[in-house]
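Visitor: This is the structure alone, sequence omitted:
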């Protein structure tokens, strides 16, 4: 009797849709529309709209770029080629290399998620994926230059951000690879099954006239033989990624815009003299503001003379690795259990590093 | 090349791509994107338009994508939400944003004060207050608030003309011990979200009573007011004149 009741209840649900996720996203949309409709002419409403739009307009091109890179990886990089590139004798070496890859392939935090999604599908190990995910947006020449500019070429800050960012990325990558294998960290739709690449479930293998296999799971009929066909296919995969990840960016950006509009930054100044509290507050600020890693150095620099240097570094390290929109976008890459470990691991690592710095430096204002 | 797209199938994806292409094109061609981004970022919008056009084309060329269910449609609506907000946004950040982002007198201390703070590990108190400069004489220099903040020594004691918006701040009033009029603008690095305010105090014998957020041109003599540990830029003998808002409201 109970099994009949369960079957009846299941048949009433929308097939294949996690109901909680649907209701959550619907609630978000309704709340956002309520903010828009209820007080359209007020100063706060216009400020919210302006900041929300500006975050989106800045982030979207980078995210589109990231999805394009992901699409090109999907079409042009085979699983076998990816496997051949990885170090075999010392697999942990991949984590060290991946954490610094941002210096060669700079990427911001909006673009990195779709890129890593595709690389993970091609077999990039979990540890290396995480290391590039959180290290790429910090350890790159553009962020180095913007940090130098914001801090008037105080190389101490630049080097601290670069080195500590790299070390944290390596540490978190190694921890994740130890705690989770790829099949337990990554989402099921990013995994490959079967011993032979030709046995991949739902992955039709396409041969081109040079006998090179091109793997694609989209289930479409598309030309991956000609160069034109490959580029069109890359666009198609990029479009799918954009639609899969883009709404998380919008949600995260909206929450950040709410924080930027309604939270007074002076609130954080009242705690500057306490031990560890400034660092925690600056980390919270970084998570809420959702700033691009190329620009957050200027915000951190505006706290010079008001917050101790370790607290400013906490802001500089946390933002590119973990903020609201990234937390949402990680759901397209990792399983919930992995995110539940990754998020506190990043925050704890940053916190411990800056606390050590505070103990060494004495918490003096710079 | 076969086209698989038919209007009734998966028009949600097409709507998302088309509406975003239209919005970005409008922002780029009318140059109104400078309300949100620094001008150089226009090229990013151009790249975004081309990429979205590529998405649209690939949808038409390749066989029809899987139909969107309710969740997919909901997510398309979420992707269109910023366009609705774009229509409601103001044409600039104003005194409301200034109140939330302004960190007090030390946050936009002059370049000299910042150098002092780096050397001594803290803001050091100047030995004596700087004298109030005399009435303006000589050629008036057109400067921006960013020039005043970063290169104050260059313009100290000289007649300057600067454009900005008017505001008052309880924090500054409390600090100065009297009601103070501020002239402010926002400095943007990438987009309006990362903007920080720069300001000067205005002092003059008979200042007109303009409402807050009015764009004004202020002429006077640049000086420095020392109070506690801080050095605050002030325009003395200020003469205010209402002016048209600049095409780009921010400084870079």
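Guide: Good, I have the coordinates. This one's a predicted model, so the numbers in the text were calculated from it and none came from an experiment. Numbers count the residues shown, from 1 in each chain, chains lettered A, B, ... in the order given.

Visitor: and the stretch 101-250 of chain A, which of its residues are near chain B?
Guide: When proximity is defined as Cβ under 8 Å from any Cβ of the partner chain, the stretch 101-250 of chain A approaches chain B at A:146, A:150, A:152, A:154, A:219-222, A:232-233, A:235-236, A:238-240, A:242-243, A:246-247, A:250. All C-beta atoms are positioned from the backbone trio N, CA, C, and that covers glycine.

Visitor: I'd like to know which of the residues you listed are buried.
Guide: Buried members of these, counted by 16 or more other Cβ atoms under 10 Å in any protein chain shown: A:146, A:150, A:154, A:220, A:222, A:232-233, A:235-236, A:238-240, A:242-243, A:246-247, A:250.

Visitor: In strands only, show me these.
Guide: Secondary structure from DSSP state E places none of these in strands.

Visitor: which SS state does residue A:189 fall under?
Guide: helix (DSSP: H, G, I helix; E, B strand; the rest coil).

Visitor: That one and chain B, how far apart?
Guide: As judged by Cβ to the nearest Cβ, to the nearest Å, residue A:189 and chain B stand 13 Å apart.

Visitor: same question, residue A:81
Guide: For residue A:81, the distance to chain B - Cβ to the nearest Cβ - is 24 Å.

Visitor: ok, that residue - how many residues close by?
Guide: The number of residues packed near residue A:81 is 12, by other Cβ atoms under 10 Å in any protein chain shown.

Visitor: what do you get for residue A:276?
Guide: For residue A:276, using other Cβ under 10 Å, the count is 17.

Visitor: Report the contact partners of it.
Guide: Applying Cβ atoms under 8 Å, 6 or more residues apart in numbering or on different chains to residue A:276 gives the contacts A:355, A:358.

Visitor: Mind checking if the helix or strand harbouring residue A:52 is in reach of chain B?
Guide: Under the criterion of DSSP states H and E, residue A:52 resides in helix A:43-76. Yes. Counting by Cβ under 8 Å from any Cβ, chain B is contacted by helix A:43-76 at A:43-58, A:60-62, A:64-65, A:67-68.

Visitor: buried residues in that helix?
Guide: Neighbour counts over helix A:43-76 (16+ other Cβ under 10 Å) mark A:43, A:45-75 as buried.

Visitor: And for stretch B:210-220?
Guide: B:213-220.

Visitor: Check the gap between residue B:243 and residue B:215 for me.
Guide: To residue B:215, residue B:243 is 5 Å away according to Cβ to Cβ, to the nearest Å.

Visitor: residues shared between the contacts of these two?
Guide: residue B:163.

Visitor: number of nearby residues for the closest residue to chain B within the stretch 251-366 of chain A?
Guide: Closest contact between the stretch 251-366 of chain A and chain B, by Cβ to the nearest Cβ, is at residue A:295 (4.0 Å). Number of residues near residue A:295 (other Cβ under 10 Å) recorded here: 22.

Visitor: Ok, residue B:138 next?
Guide: 8.

Visitor: Contact partners for it?
Guide: Counting by Cβ under 8 Å, 6+ apart, residue B:138 has contacts B:158-159.

Visitor: 6 Å instead, please
Guide: With contact set as Cβ atoms under 6 Å, 6 or more residues apart in numbering or on different chains, residue B:138 has these partners: residue B:159.

Visitor: Just say helix, strand or coil for it.
Guide: When classified by three-state DSSP, residue B:138 comes out as coil.

Visitor: Residue B:225 too?
Guide: Residue B:225 - assigned by three-state DSSP - is strand.

Visitor: now it: how far from chain A?
Guide: Residue B:225 sits 17 Å away from chain A, going by Cβ to the nearest Cβ.

Visitor: Pairing partners for that residue in the sheet, please.
Guide: For residue B:225, the beta-bridge partners under DSSP bridges are residue B:232.

Visitor: of the buried residues of stretch B:210-220, closest to chain A?
Guide: residue B:213 (8.7 Å).

Visitor: Next, please give the residue ranges for the helices of chain B.
Guide: B:11-30, B:42-61, B:70-88, B:95-101, B:111-120, B:145-150, B:152-155, B:170-176 (DSSP state H).

Visitor: what does the second one contact?
Guide: Taking Cβ under 6 Å, 6+ apart as the criterion, the residues outside helix B:42-61 that touch it are A:60-61, A:64, A:232, A:235-236, A:239, B:3, B:5, B:17, B:20-21, B:24-25, B:28, B:33.

Visitor: And the host helix or strand of residue A:286, how far out from the chain middle?
Guide: Assigned by DSSP H and E, residue A:286 belongs to helix A:277-289. Here helix A:277-289 is found 18 Å from its chain centre; the criterion is Cα atoms, centre = their mean, to the nearest Å.

Visitor: Remind me what the helix or strand just after that helix packs against, helices and strands.
Guide: As assigned by DSSP H and E, the chain's next helix or strand after helix A:277-289 is helix A:296-301. Packing contacts for helix A:296-301, counted by 3 or more Cβ pairs under 6 Å, 6 or more residues apart in numbering or on different chains; DSSP states H and E, involve helix A:141-150, helix A:309-321.

Visitor: right, and those helices - which one's nearest residue A:93?
Guide: The closest of the helices and strands packed on helix A:296-301 to residue A:93 is helix A:309-321. By Cβ to Cβ, the value is 21.7 Å.

Visitor: dump the residue contacts of residue B:250.
Guide: By Cβ under 6 Å, 6+ apart, the neighbours of residue B:250 are B:186, B:188.

Visitor: Find me the pLDDT at residue A:260, would you?
Guide: Note on residue A:260: pLDDT of 84.

Visitor: what's it in contact with, if anything?
Guide: Taking Cβ under 6 Å, 6+ apart, we find residue A:260 in contact with residue A:51.

Visitor: To which secondary structure element type does it belong?
Guide: helix.

Visitor: Neighbours of the residue lying closest to residue B:248 once chain neighbours are set aside, how many?
Guide: Spatial nearest neighbour of residue B:248, chain neighbours left out: residue B:34 (4.8 Å); criterion: Cβ to Cβ, 6 or more residues apart in numbering or on different chains. Neighbour count of residue B:34, defined by other Cβ under 10 Å: 19.

Visitor: how close does residue B:34 get to residue B:237?
Guide: Distance from residue B:34 to residue B:237, counting by Cβ to Cβ: 33 Å.

Visitor: returning to what we had before: which of the helices of chain B has the lowest average pLDDT?
Guide: Among the helices of chain B, helix B:111-120 scores lowest, with a mean of 39.

Visitor: Now find how far off-centre the host helix or strand of residue A:347 is within its chain.
Guide: Per DSSP H and E, residue A:347 falls inside helix A:336-361. Chain-centre distance of helix A:336-361: 16 Å, with Cα atoms, centre = their mean.

Visitor: Before I go, just wanted to say thanks for your time.
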